[in-house]
Each structure stands twice: as structure tokens, then as C-alpha cells.
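Chemist: kindly generate the corresponding structure for this input.
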Amino acid sequence: MIKLFDNGKNKITIFCYEHTFRQFRFLFQNDADRYEWVIKNETESKYRFIYRIYAGVKKRQADILYLNTISNNFIFYAFMIHMLKRPRIIMTLHDINSYFKFHTPFTVRKWIRYIGKRMLIKRIQEFNVVAMNMVDYLKNKLQTEKVVHCVPGAVYEQQDSTYLTPSVKEIIKITIPGTIDGRRRNYESVFELLENCRLADIKVSVTLAGGVYGEYGRSIIQRSRDYSKSYDNLTYWDRYILDQPEFDIALNDCHFIFIPSVIHTIVSDDSPEIYGTSISSGNLFDIIKHAKPFIAPATLNVDPFLQDSGFRYQHVNDILPFLKHTQQHPDDYSKRLEKAKRASANYSISEVRQRNKNLFV
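Modeler: Here you go, the predicted model:
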């Protein structure tokens with residue numbers, strides 16, 4: 001989003017948390033100094049930070065306030081928006097259903113969160129979703145003439161893509177990016193794939209490129225430790241956050257991105273979501289940024305641009321003959337990699353700006 005707005009004329013201020021700023025520093029390096037940063041430190045309350053956003057927008061007489069993620073204190077953000085008269089406000093919705101239906105059991109906290117979400121829906125006139133399949137879904141939920149943009153969660157810059165060694169004929173390198181979270185990805189299928197490849201004598205290595213979330217995440221790390229006592233083809237990190245340089249290496253160095261999505265899930269406020277319809281997998285943006293072929297469930301909706309570069313499966317066992325064929329015919333992998341690059345080219349900065357002319361002026 002920063003790169004899309006950075007046209008050489010706009011003055012950009014980013015409000016973010018300290019741990020997010022650390023990752024931005026990795027991403028932008030010396031270019032980070034081109035922007036103004038307002039950072040929430042670890043001891044500052046969220047309420048105080050929201051006020052600082054309000055005061056900062058007023059002081060700078062901002063033309064656009066782009067709310068890329070709101071995951072808490074919805075009522076306070078709604079009041080802030082009500083008080084701001086000048087800027088054009090756009091908000092990204094990541095989990096659509098949770099904004100439109102309240103789910104029991106009743107708790108005061110959930111009720112307050114839901115009220116705040118409904119206030120935001122009422123007061124904001126422009127929304128963004130990160131995947132094409134979510135556009136019509138949100139429009140049908142809104143049932144108004146409000147604007148829905150579609151700006152993806154990543155852009156493609158050709159220098160981000162690197163060629164691979166070793167070749168797929170020696171070993172197929174598979175990466176599962178993202179936080180180890182059972183609400184988003186089914187890691188049981190990862191271990192099933194490892195075991196089935198071992199039995200079928202298909203040489204693979206798997207990397208879990210993400211931090212750990214909750215008890216489920218810790219259980220997967222323990223299972224990874226146990227697996228690694230016998231085999232050496234699984235890489236993982238036992239920490240809360242994986243820094244951007246390590247993450248990028250894991251993605252640049254793989255042949256396939258594996259997305260074992262939990263299609264029907266609950267992420268926020270007990271609201272059922274459907275991956276690819278009401279919520280989008282962040283892994284799709286890893287595919288875009290790194291221009292990699294992917295492996296994903298057949299039931300996961302993806303942008304039309306990405307269809308040709310992926311292998312879709314009904315069951316994990318379906319992946320085995322595909323991997324075996326890939327290992328025996330490395331030229332086929334080269335063709336699939338080229339398809340992935342052509343797909344990602346649709347998400348270049350210029351292409352995304354072109355599709356969103358009324359936003360990136």
C-alpha cells in the first residue's frame with residue numbers, strides 16, 4: 001500500500017506498532033526515511049495511540065486516511081472517524097462476515113465489538129478488499145452504493161524473484177508461509193504430505209515460514225521437534241514473529257508455496273468465514289510477491305489471474321503424483337514457474353494502480 005501511494009508527489013505518514021515498524025525497516029531499508037513514521041511504543045495504550053492518529057491526521061490536514069487493519073477498539077475508531085471531517089477515508093475489511101452478523105453466546109465484550117463494527121460500516125463510504133472474489137460478496141452485504149476497491153495484499157516487483165538451486169530433480173522445496181495458526185491452515189496435511197512423500201520415495205523438504213500462535217501453534221512446533229529427531233527435511237522457527245529477511249529467504253528459495261487452507265473457519269468474534277470468499281489467505285500475496293507456483297485445495301477460490309500457476313487437490317494424496325511428475329519432468333516445472341511470473345505481473349505497481357484509478361490518482 002505504501003508503494004502504491006508513493007508516486008513521488010504524495011507525502012506519506014504511516015501509523016503503526018513498534019514490531020510492525022521493525023519489519024518495515026527490513027523491507028524498505030534506507031528508503032524508510034522517505035516516509036514519516038508515527039509509532040506506538042510497547043507501553044502506550046491503544047486508546048492513546050488512536051488519539052495520536054486522530055491528532056496527527058488533523059495536524060497534517062491529510063487528504064486520505066487509509067485504515068489497512070482494524071482488529072480492536074472498533075468503537076473508538078468509529079468515533080475518531082466521526083470527528084474527522086476533512087480526509088477521504090478507506091478501510092480494508094479482512095473478515096467480512098464478522099462485520100454483518102452477531103453470534104451468540106452473548107458477552108458484553110463481543111456485543112461492544114459488534115456495535116463498533118456496525119458503526120464503522122455505517123460511517124465509512126469506501127472499503128477495500130484484498131482479493132477479487134471478495135468484491136461482489138462485500139457489495140451484496142452492504143446493499144448500498146458505497147465504493148468497494150480491490151487492492152491486493154502485495155505487489156510484484158521483478159527483482160524480488162530469484163531462480164532456484166538445486167533443481168526439482170534433486171529435491172522439491174515446499175514452503176508453508178504464515179503464522180502457525182489452526183484457524184487458517186491445516187498443518188495435519190503438512191505432516192501427512194511429508195509421511196506420504198517419504199513412503200513414495202519423493203525427495204522433498206518442507207519449511208514452516210512463520211511464527212507461532214496459541215496452543216495449536218506450540219503443539220505443531222513440538223510435533224516438528226519430534227519429527228526432526230528422525231528426519232532432516234523439515235525447517236521451522238520457534239518464535240512469535242519471523243523477521244522479514246528470514247521469511248523472504250524461505251519464500252525465494254522454494255519451488256512451491258503450499259496453502260493448506262481451512263476453507264470454513266472462525267477467525268474473529270465467532271463468525272464463520274469462508275477462505276477465498278469472505279476472507280482471503282495472506283499466502284496468496286506471498287505467491288504474488290515471490291512469483292511462485294502454488295499447491296492449494298480445489299475449494300479455495302483465488303483471483304482469476306492466479307488460476308494457471310497452481311496445482312489444486314481434493315485430498316493430500318492427490319499431490320503425490322503431481323510431485324513425482326514434477327521431479328521426473330523438470331522442464332514442466334520451468335513452464336509452471338514462467339506461468340507464475342506472468343500471473344504476478346498482473347500485480348505490478350502500475351497494473352494495480354491502473355485497476356484502481358479512482359484511488360491512486
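Chemist: which stretches of the stretch 201-350 of the chain form helices?
Modeler: Assigned helices in the stretch 201-350 of the chain, in chain order: 214-228, 244-252, 283-290, 319-328, 330-345, 349-355 (criterion: DSSP state H, counting those that start in this stretch).
Chemist: which of these is buried the deepest?
Modeler: Among these, helix 283-290 has the highest mean neighbour count (mean count of other C-beta atoms under 10 Å), at a mean of 24. Every C-beta, even on glycine, is put in place using the N, C-alpha and C of the backbone.
Chemist: roughly how far out does it sit from the chain middle?
Modeler: Its chain's C-alpha centre and that of helix 283-290 lie 8 Å apart, by C-alpha atoms, centre = their mean, to the nearest Å.
Chemist: for that helix, name the packing helices and strands.
Modeler: Other elements packing on helix 283-290 under the criterion 3 or more C-beta pairs under 8 Å, 6 or more residues apart in numbering; DSSP states H and E are strand 172-177, helix 244-252, strand 256-258, helix 330-345.
Chemist: nearest to Ile121, out of those?
Modeler: Ile121 lies closest to strand 172-177 among the helices and strands packed on helix 283-290, at 30.5 Å (C-beta to C-beta).
Chemist: against which helices or strands is the helix or strand following the closest one packed?
Modeler: Later in the chain than strand 172-177, the nearest helix or strand by DSSP states H and E is helix 188-199. Contacts defined by 3+ C-beta pairs under 8 Å, 6+ apart place helix 188-199 against strand 204-209, helix 214-228, helix 319-328.
Chemist: what's the closest of the helices of the stretch 201-350 of the chain to Ile2?
Modeler: From these, taking C-beta to C-beta, the stretch that ends up closest is helix 349-355, at 10.8 Å.
Chemist: alpha carbons only: can I get the closest one in CSV?
Modeler: Extracted in CSV, the C-alpha atoms of helix 349-355 (Å, rounded to 0.1, in the frame of the first residue of the first chain):
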residue,chain,number,x,y,z
ILE,A,349,2.5,-1.4,-9.1
SER,A,350,1.5,0.1,-12.5
GLU,A,351,-1.2,-2.7,-13.1
VAL,A,352,-2.7,-2.3,-9.6
ARG,A,353,-2.8,1.5,-10.0
GLN,A,354,-4.4,1.1,-13.4
ARG,A,355,-7.2,-1.1,-11.9
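Chemist: now Lys121: how far from Tyr77?
Modeler: Residue 121: Ile, not Lys. 12 Å (C-beta to C-beta, to the nearest Å).
Chemist: swap that for His315, please
Modeler: 42 Å.
Chemist: those two - which one has more neighbours?
Modeler: For the pair His315 and Tyr77, the greater number of neighbours falls to Tyr77 (22 against 11), based on other C-beta atoms under 10 Å.
Chemist: before I go, just wanted to say thanks for your time.
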